[in-house]
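J.: Below are the sequence and a predicted model; questions follow.
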Amino acid sequence: MAQRGVGINTAIKSAMDVGIEQFVVPGVSPENWPVVAQLAKQFPPVHCTFGIHPLFIDSHSIDALPELEVRIEDSLLHSHGCIAIGECGLDFYQGRENEKLQFMVLEAQLKMAQRFELPVLLHVRKAHNELIQILKRHPLPKGGVLHGFSGSYEQGMEFIKCGLWLGIGGTITYPRANKTRMAVSRLPLERLLLETDAPDMPLNGYQGTVNEPKFLNEVLSTLITLRSETEQTIAQKLRNNTYNALQI
């Protein structure tokens, strides 16, 4: 969801004007959870999630886990409750100094997903094999979504075997992203869904500008050019996949 440079009202209206009906806004840190919860209460098309993102993990993250569990439990008792746990995962892009802490925080969240029978929203960079091994140790009853997939066909299939759907975003709009574009052309359509990661990850041609949910249709248009199925089949299947993955 766009929050920098574009007002939330404007972002939602612009997206709905082009046919986008629902939005998922992930919580990524204790400071962020009340913000996304309020968005979900204020805007009926918005769904929130709660988690601890690996880029926001610090020495206090272990202490925040009980609060996360209570927040999830409380939210499930009310309308506009969270629909998934996350965004969580592993990120070793900047090194492995807090590797042990990342593993501990992620595994705790996967156990919550098992307890509450919720899907997870997963982030991964430079840690694909490690994440796959953790998912094999902690099978998820409701699966989840691997956010911002940009890997190979083989990596994608490994995550699908772990019960995940693959979030396909702006990466495929870049002609130079040959590996990911080729993978997305071959991966099972029933395990793909679309995302924009607004306000981050701008699409090709929009570098330097704020990404918005309204650009989701451009990701769809690119995907259609990469697949062999008809436009109608792809659009309908992706819509169903989103509902199946997130139960919205």
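T.: Yep, it's here.
J.: And the helices in the protein?
T.: For the chain, the helices defined by DSSP state H cover 8-17, 33-42, 61-75, 99-116, 128-137, 153-161, 178-186, 216-226, 231-246.
J.: Next, the buried residues of the third one.
T.: It stands for helix 61-75. Buried positions in helix 61-75, judged by neighbour count with 16 or more other Cβ atoms under 10 Å: 61, 64-65, 68-69, 71-72, 75. For glycine as for every other residue, the C-beta is placed from the backbone atoms N, C-alpha and C.
J.: And the average pLDDT for it is what?
T.: For helix 61-75, mean pLDDT rounds to 96.
J.: just checking, what packs against it?
T.: Using 3 or more Cβ pairs under 8 Å, 6 or more residues apart in numbering; DSSP states H and E as the contact definition, the elements that helix 61-75 packs against are helix 33-42, helix 99-116.
J.: Measure how buried A108 is and give me the count.
T.: With neighbours defined by other Cβ atoms under 10 Å, the count for A108 comes to 17.
J.: Can you name the residues that contact the residue nearest the centre of the chain?
T.: The structure's the chain has its C-alpha centroid closest to H147; by Cα atoms, centre = their mean the separation is 3.7 Å. Contacts of H147 were listed using Cβ atoms under 8 Å, 6 or more residues apart in numbering, and they are 86-87, 89, 121-123, 167, 195, 197.
J.: Adding distance to L187 and mean pLDDT, write the helices and strands packed on helix 61-75 out as CSV.
T.: Formatted as CSV, the helices and strands packed on helix 61-75 follow (distance: least, Cβ to Cβ, whole Å; pLDDT from 0 to 100):
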stretch, distance to L187, mean pLDDT
helix 33-42, 29, 93
helix 99-116, 23, 98
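J.: Of all the ones you listed, which one is nearest H138?
T.: Each of those has some distance to H138 by Cβ to Cβ; the shortest is helix 99-116, at 4.1 Å.
J.: got a list of contacts for that closest one?
T.: Here helix 99-116 has contacts from 51-52, 54, 57, 59, 61-62, 65, 68-69, 72-73, 76, 85-86, 88-92, 118-120, 130, 134-135, 138-142, 144, using Cβ under 8 Å, 6+ apart.
J.: What of stretch 129-139?
T.: With contact meaning Cβ under 8 Å, 6+ apart, stretch 129-139 is reached by 89-90, 92, 103, 106-107, 110-111, 114, 122, 124, 158-159, 162-164.
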